[in-house]
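Colleague: sequence and predicted structure below; questions after.
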Amino acid sequence: MLHTNITVNEKGHLTFAGMDTVALAEKYGTPLMLIDENRIRERAATYIGAMERYFGGESKPLYASKALSFTGIYKIIADAGMSIDIVSSGELYTAKNAGFPLENAYFHGNNKTDFDIEFAIDNGIGYFIADGYEEIDKIDSYAAEKGIKQRVLLRLTPGIDPHTNEKISTGKVDCKFGTPIETGQAEKYIAYVLSKANIELMGYHCHIGSQVFDCVPFCDAADIMIEYIAYIKKTLGYTAKVLNLGGGFGVRYVESDPYINIDENIRLISEHIKARCAENGIAVPTILMEPGRSMVADAGMTIYSVGTVKTISDYKSYVSVDGGMTDNPRYTLYGSKYTMALANKANEPADFECTVGGRCCESGDLLGENIFIQKPTRGDLLAVFVTGAYNYSMASNYNRVPRPPVVIIKDGADRLAVRRETFENLCALDVD
Ligand code: LLP
């Protein structure tokens, strides 16, 4: 199968993380989001191990928690000894709710509000990754009020196009994130930050994009950033201690996607960086990376019930399920491809070609087109693979559809991590 945590058992049922998905759907209902805890722990160990081995010192990965964010995830990540990247006070609050040590959290985003900055400092945030002068002014003045020196990295744009989907590419100059190096603006920005008494400038951050399948875009970005560290050392006399290369390693959603060897790619990036640092006469900085998708994507699977099956003569077949863009908006937004199978008929031939639609009153609410699955009828269970990243975290209540529950599987046992949203929850905030 697509990943090692997906198999078929003797009943012909799809199993995920060693458990019968049909039995889990009976127990919890559908739609249902399943999370393989051991897979997340393996990924954390891979990233932590590789960063320690190849970079050493204080270099480490941060889990980009926008990919999948609920209380239980932060508990797992904390227990795995991994730091996090957060992008909002909501993520910060959720991490805090899990007891996550916030000194190991890095606060991202291109527009942190005054509330965000105060809330984060009040809660002992480790680092801000600042974007723009306004944030610097607010961080500096609030840190002064609190009598602290706040650690900060600066988001810079290296001007790299990683050849990924336009909507998930962020390293180019023309982008809402970061201050561009190319235009000379970054140098002025750094000089300004260095003049702030209550900010400890730790270094720079760049993020080139998501779903990147090899080390080349990271090495290209590192080239620009290392040269820039050397340049700023010369012009401003400041040497960055930390270089954060962002996230972006790709994930195998369909058979035609490649496998990516994370350990080997980190090794290659480290060799490249060490050589470039030597050439530029600077010490190798502490390197941070921010994997999100590759930490959790294949640790997720969504199970739906099949409802309507409609074949339009001489056109195609539509299979509609009891979820859709409300729990997985990625096909609607990006045309992202997924692999699917009928969980209760997993041994039958997958020769039924169809478009899989959600339940929303919106023709773009699709989970995929030209999908091959076993011949479905109402009541069958449709499993969508590799849904751990940017599915639950991007879920909505469009059409007042409640969000599915999240069930964590670990060592052959399942536990409810997030309850299914109720109709009462949907009206809980309605005042009048
Ligand atoms: N660091 C920063 C600053 C980021 O902006 C992101 C993702 C990451 C790390 C994690 O990147 P990853 O390892 O997950 O590729 N919703 C889109 C993806 C948006 C990515 C946003 N930033 C999707 O569903 O494909």
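Modeller: Looks like it arrived, so ask away. Bear in mind the structure is a predicted one, so any value in this text is a computation, not a measurement. Numbering: from 1, shown residues only.

Colleague: contacts and neighbour counts: CA atoms only from here.
Modeller: Will do.

Colleague: what's opposite the residue of the stretch 1-150 of the chain at minimum distance from the ligand in the beta bridge?
Modeller: For the stretch 1-150 of the chain, the residue closest to the ligand is residue 64, as judged by CA to the nearest ligand atom, at 5.1 Å. As for beta bridges, residue 64 partners with residue 85 under DSSP bridges.

Colleague: what residues does the stretch 151-300 of the chain put near the ligand?
Modeller: Within reach of the ligand by CA under 6 Å from any ligand atom, the stretch 151-300 of the chain has these residues: 168, 207, 210-211, 246-249, 290-294.

Colleague: just the buried ones from those residues?
Modeller: Buried subset of those (neighbour count, 16 or more other CA atoms under 10 Å): 207, 210-211, 246-249, 290-294.

Colleague: re the thing from before, verify the stated contact: the residue of the stretch 1-150 of the chain closest to the ligand with residue 82.
Modeller: No. In this structure, residue 64 is not within contact of residue 82 by CA atoms under 8 Å, at 10.5 Å.

Colleague: for stretch 299-309, which outside residues touch it?
Modeller: Stretch 299-309 has contacts (CA atoms under 8 Å, 6 or more residues apart in numbering) with 16, 21, 25, 30-37, 39-40, 317-323, 343, 376-389.

Colleague: can you list the strands that the lengthiest strand in the chain pairs with?
Modeller: Longest strand in the chain, counting residues (DSSP state E): strand 300-311. Paired with strand 300-311 in the same sheet, following DSSP bridges, are strand 32-36 (antiparallel), strand 317-321 (antiparallel), strand 381-385 (antiparallel).

Colleague: tally of neighbours for residue 195?
Modeller: 9 (other CA atoms under 10 Å).

Colleague: assign residue 202 to helix, strand or coil.
Modeller: Counting by DSSP: H, G, I helix; E, B strand; the rest coil, the backbone at residue 202 sits in strand.

Colleague: how close does it get to the ligand?
Modeller: According to CA to the nearest ligand atom, to the nearest Å, residue 202 stands 16 Å off from the ligand.

Colleague: next one: residue 237
Modeller: Remark: distance between residue 237 and the ligand (CA to the nearest ligand atom) = 27 Å.

Colleague: and the longest strand of the chain, how far from the chain's centre?
Modeller: With CA atoms, centre = their mean, to the nearest Å as the basis, strand 300-311 stands 25 Å off its chain's centre.

Colleague: likewise stretch 136-153?
Modeller: 28 Å.

Colleague: neighbouring contacts of it?
Modeller: For stretch 136-153, the surrounding residues in contact (CA under 8 Å, 6+ apart) are 114, 117-118, 121, 126-130, 193, 196-205, 242.

Colleague: buried among the residues you listed? Make that a ChimeraX selection.
Modeller: Listed next is the ChimeraX selection for buried residues among the contacts of stretch 136-153, using 16+ other CA under 10 Å:
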select :117,118,121,126,127,128,129,130,193,196,198,199,200,201,202,203,204,205,242
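
Colleague: in helices, which of the contacts of stretch 136-153 appear?
Modeller: The helices, defined by DSSP state H, take in 114, 117-118, 121, 193 from those.

Colleague: closest to residue 283 among those?
Modeller: Checking these against residue 283 by CA to CA gives residue 193 as the nearest, at 22.0 Å.

Colleague: could you dump the buried ones among the residues of the stretch 151-300 of the chain next to the ligand into JSON lines with secondary structure, distance to residue 312 and pLDDT added?
Modeller: Listed next are those as JSON lines, based on DSSP: H, G, I helix; E, B strand; the rest coil; distance: CA to CA, whole Å; pLDDT from 0 to 100:
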{"residue": "207", "secondary structure": "coil", "distance to residue 312": "45", "pLDDT": "92"}
{"residue": "210", "secondary structure": "coil", "distance to residue 312": "37", "pLDDT": "88"}
{"residue": "211", "secondary structure": "coil", "distance to residue 312": "35", "pLDDT": "91"}
{"residue": "246", "secondary structure": "coil", "distance to residue 312": "46", "pLDDT": "96"}
{"residue": "247", "secondary structure": "coil", "distance to residue 312": "43", "pLDDT": "91"}
{"residue": "248", "secondary structure": "coil", "distance to residue 312": "40", "pLDDT": "87"}
{"residue": "249", "secondary structure": "strand", "distance to residue 312": "40", "pLDDT": "95"}
{"residue": "290", "secondary structure": "coil", "distance to residue 312": "45", "pLDDT": "98"}
{"residue": "291", "secondary structure": "coil", "distance to residue 312": "42", "pLDDT": "98"}
{"residue": "292", "secondary structure": "coil", "distance to residue 312": "40", "pLDDT": "98"}
{"residue": "293", "secondary structure": "helix", "distance to residue 312": "36", "pLDDT": "98"}
{"residue": "294", "secondary structure": "helix", "distance to residue 312": "38", "pLDDT": "97"}
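
Colleague: mean neighbour count and mean pLDDT added to the strands paired with strand 300-311, as TSV?
Modeller: Converted to TSV, the strands paired with strand 300-311 look like this (neighbours: other CA atoms under 10 Å; pLDDT from 0 to 100):
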stretch	mean neighbour count	mean pLDDT
strand 32-36	27	98
strand 317-321	22	98
strand 381-385	26	98
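
Colleague: how about those strands in TSV, adding distance to the ligand?
Modeller: As requested, those are exported to TSV (distance: least, CA to the nearest ligand atom, whole Å):
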stretch	distance to the ligand
strand 32-36	16
strand 317-321	20
strand 381-385	14
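
Colleague: who wins for proximity to residue 235 among the ones you listed?
Modeller: Nearest of the strands paired with strand 300-311 (CA to CA): strand 32-36, 49.2 Å.

Colleague: what residues does the closest one touch?
Modeller: Contacts for strand 32-36 (CA under 8 Å, 6+ apart): 16-17, 25, 299-304, 388, 392, 404-410.

Colleague: tell me where this structure has helices.
Modeller: Per DSSP H, the chain carries helices over the ranges 21-28, 37-54, 71-79, 89-97, 114-122, 133-146, 185-194, 216-236, 262-280, 293-296, 330-334, 423-427.
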